[in-house]
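1. Here is my input, please return the structure:
(one chain, ligands or ions: 1)
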Amino acid sequence: MYLQAKSEEQLACEKEWLQAGHMWLAHRGGFTAVVREGDADAGRAKVRVLQTGEVLTVDEDDLEKANPPQLERCEDIASLRCLNECGALNVLRSRYAAGLPHARAGHALLVLGPPKRTSPVYTEKVAAMFRGCRADDMPPHVFAAAQSAHRCMLASRRDRAIVFLGRSGSGKTSAMRHCVWYLASAYPAQGSKLTPERLDAAFDVLNLFGSCRTGSNPYATRFVSLASLDFDGGGALVSASVQTLLPDLRPGHTLLRALHTLYHGCDGRLRRELLLDQAPVNAPNPFISPSEKADAPSEFSALKEALQLLNVNEQEQMAVWKVMAAICHLGWAGAVKATTGSVIKYQFASAGCGQRAARLLAVGADDLARAVFATVPTSPQPNANLRTPSPSNEKEMSGTEALDAFVTGLYNETFNMIAALVNRSVSSSSRTSASILLLDAPGADNPMCAGQQSGAPLSKLLSNYLQERLQAVFHEALLVAPRDRYAQEGITLDIGAEEDWLSETVNPGPMVELLDKSPQNSIVRSSQADLRECDRRGLLWLLDEESMYPGSSDDTFLERVMTHYGAPNQTQYLIKKAPHARQFVLQHLQGTNPVLYDVTGWVKASRENPVTKKALTLLQESQNEELSRMWSWCRGASGASAWAGAPHDHSTLRRASSIRRTLTTGTAGMKRRSTALQAKFVADGVVDTLRRCGAGGVQFVCCLLANQPADANDDVNIPLLRSQFRGFQLLDAARLYKQGFPEHMPLNEFARRYRLLATSESENESAPQTTLSDRQIVDDMLLTLDLDVSSYRLGLTQVSGRLSLFIYLVS
Ligand SMILES: Nc1ncnc2c1ncn2[C@@H]1O[C@H](COP(=O)(O)OP(=O)(O)OP(=O)(O)O)[C@@H](O)[C@H]1O
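-> As a prediction, this is how the structure comes out:
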């Protein structure tokens, strides 16, 4: 390193320390500091445990060289002298204990969380220190990620993206919000309404309406959020927008925070206007939890204040409360079967509650009941095997399911409305030069980690699938693209024989294919006998097909999945049947997060219920002028939901409509009602958007859970951290960064920028410059500059080098 050259004394100390044989002994529970005492039998070694003095004989493979103590809290694990897993985890643990939750693994930023709300590392004072800094001038921090994205965006005039990865509850949403806050406060436009407070309010509102309480996170985000911060030519923030994709907000299945907050938080006149004072409070309501209501009043006032700050007026707020209160009343209303002769009919179990819901929505009680129950069968069902294919499975619907679907529709319309109001408030039609995109998706989730023994439902599979797709983007950007670039540039790395890890790097591709591989010939259903590789289609496609076939069930779906992917196929290491019926295990993220799934109800859940759509029609036809006006505005003429009505810059609109197009045209359009496949198409659209940021245009923030909510103390849970560290492939990324030449610059630009640094001798020498190629000029310059030859490589079109080289040149 040019700037951090060590003194002779330091080097001698390090050498002595290393020669003393300090090692880490890796084991299931973590790793322990030991000193090597000598060799034992083949492949075994004798070690002394530092803490206890005990002498053990252990496997050589379980030992990793320890780093000198000075490196214990280094900022980048790629700068470790002995780069190995125990060393890297030790750095993360030591930094976390010292109140430094951030670190780097080459180009990736790591944040050890979950973040504490009152953490001193996210204050205005800290933010001020990052403003205007260069990437190499900042310690690892989410503010640094935002700052360098801004700097690169401004220099290149191209969009940049920051992707937040991690398990549920690890702090992705929090980190994303810190980035937004930093950029809004560091680069405000003069006279702009886009203050950090307003943006904070926007995300508070979106997160409250789009999150639910789960075992892993009481504030778990249930939608994919693609936020865009748009800057003018001078780098000032002039507009913002948030695209909300794939919302998974079903009041009957998860405890949605907004319903909880409204019901337990509103009082006085508003409570009476929403008819909540007449509700049968002691009757069970599947949409509202009776517990943890103490914070609701303050949360509700904060929500109203945030809406006010976003210029959502009283009438608009009231319209939203009415729909939400109607959902609560429908929860009490319930559904019952009323059979007359051979005719089955469903109706509200409590007519009074149904009427209250209808009053709030300003529709007739009969109209409401018809909207909810009209498609439910009114006669006994025919034998399932004789049925013709029914794409909607309507015939199997019960009254409760219909009510569930309708309420889901109402809630999703409310969420779309909130997103539209937020966008109206934060977007402007100002001319923008480029944007920073921030992508936050529901985290990878494993209910078992939160102590739940039952298998995970379909919604968790979709979240885990999205994280697999994003991990594949990470793999491509940090492990594949650099090697492709070295190959194209004719650069070889000095990688020793024992370092053939590069070729062994696990690829997330097979798991992604197992889940979403498109069928070659879509409709033909293969018999088990002639099932060939080319007939294989991903699990999401199999689920979609199964949902359309007569006589299909969750069991037949799982059977088909296992026929395609279970033993004796090559993919059997990714999937295995669990001992219980209808259960299987997927080895997510390179086997680091094995998730047990239970397919009960999946075939039905994989199709959008047609009743869901009726909610919008009912809202648009409401007798309440405000309700019908708002939902007609929100949907817009093109059904663009959250985008209608908000002013947008041309490029923002283009990006948003490009994702929308991926979702509405071609196969995606035809599969619009397949909930499972929509996850694939959303992922395609998002990945495509990220690709448009170009090579190196996407930064990754890997959020790591330091411990589980159930862990007794605040210490780092090393096995948990290790599995996430492996899942992200951080050691590989750091190694490639350390051994490669990660920074690069086109030859002509290098020549132009640093020509002055080369001595005049080279310019006077031999032939005139004009006859030399850029490569020859740069070659001469590099020799003249007398740089350490191991710190750079001269490629065919670029100079590639270590970061230290470019820091040296700039300095
Ligand atoms: N509004 C809030 N109030 C209090 N705590 C919060 C709030 N939002 C998040 N948290 C806490 O911050 C931590 C990180 O949550 P965050 O939602 O940022 O994680 P995440 O990685 O985005 O999770 P998910 O993928 O489930 O959305 C969690 O412990 C969570 O309980």
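2. The residue in the stretch 401-550 of the chain positioned nearest to the ligand - how many residues pack around it?
-> As assessed by Cβ to the nearest ligand atom, the ligand sits closest to residue 443 within the stretch 401-550 of the chain, at 2.7 Å. Any C-beta I mention is one placed from the backbone N, CA and C, and that applies to glycine too. Residue 443 has 26 neighbours, counted by other Cβ atoms under 10 Å.
3. check contacts around it.
-> Counting by Cβ atoms under 8 Å, 6 or more residues apart in numbering, residue 443 touches 166-170, 172, 216-217, 220-221, 463, 467, 703.
4. Assumed residue 436 was part of a helix.
-> No. If the criterion is DSSP: H, G, I helix; E, B strand; the rest coil, then residue 436 is strand and not within a helix.
5. Which helix or which strand is home to residue 585?
-> Residue 585 is part of strand 583-587 when elements are defined by DSSP states H and E.
6. I'd like the next helix or strand past that strand.
-> Later in the chain than strand 583-587, the nearest helix or strand by DSSP H and E is helix 588-591.
7. sorry, back to before: in strands only, show me the contacts of residue 443.
-> Within the contacts of residue 443, residues falling in strands by DSSP state E are 166, 220-221, 703.
8. List the contacts of the closest residue to the ligand within the stretch 1-150 of the chain.
-> Closest approach between the stretch 1-150 of the chain and the ligand, counting by Cβ to the nearest ligand atom: residue 114, at 3.7 Å. Going by Cβ under 8 Å, 6+ apart, residue 114 touches 169-171, 174, 705-706.
9. same check, this time on residue 254
-> Taking Cβ under 8 Å, 6+ apart, we find residue 254 in contact with 212-214, 222, 248.
10. let's see it at 7 Å
-> For residue 254, the contact set (Cβ atoms under 7 Å, 6 or more residues apart in numbering) comprises residue 212.
11. same check, this time on residue 181
-> Taking Cβ under 7 Å, 6+ apart, we find residue 181 in contact with 196, 199-200.
12. repeat for residue 253
-> Residue 253 makes no contacts at all, as judged by Cβ under 7 Å, 6+ apart.
13. In the chain, which residue is most central in space?
-> Nearest to the geometric centre of the chain sits residue 441, at 3.1 Å (Cα atoms, centre = their mean).
14. Tally up the residues packed near the residue lying closest to residue 589 once chain neighbours are set aside, please.
-> With Cβ to Cβ, 6 or more residues apart in numbering as the criterion, residue 589 has its nearest non-adjacent residue at 3.5 Å, and that residue is residue 727. For residue 727, the number of neighbouring residues by other Cβ under 10 Å comes to 25.
15. my guess is residue 81 contacts residue 71, does it?
-> Yes. The pair residue 81 and residue 71 passes the contact test of Cβ atoms under 7 Å, sitting 6.4 Å apart.
16. of those two, who's got more company?
-> residue 71 (18 against 15).
17. For residue 730, which non-adjacent residue is closest in space?
-> Residue 730 sits nearest to residue 105 (Cβ to Cβ, 6+ apart), 4.3 Å away.
18. Now do the phi/psi pair for that neighbour.
-> With angles defined as degrees, to the nearest 10, residue 105 sits at phi -130, psi 80.
19. Report the contact partners of it.
-> 77-78, 730, 733-734.
20. returning to that earlier point: check contacts around the residue nearest to the centre of the chain.
-> For residue 441, the contacting residues are 224, 466-467, 470, by Cβ under 7 Å, 6+ apart.
21. Take those and lay them out in TSV including neighbour count and pLDDT.
-> Below are these laid out as TSV (neighbours: other Cβ atoms under 10 Å; pLDDT from 0 to 100):
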residue	neighbour count	pLDDT
224	24	97
466	22	97
467	26	97
470	23	97
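22. In helices only, show me those.
-> 466-467, 470 (DSSP state H).
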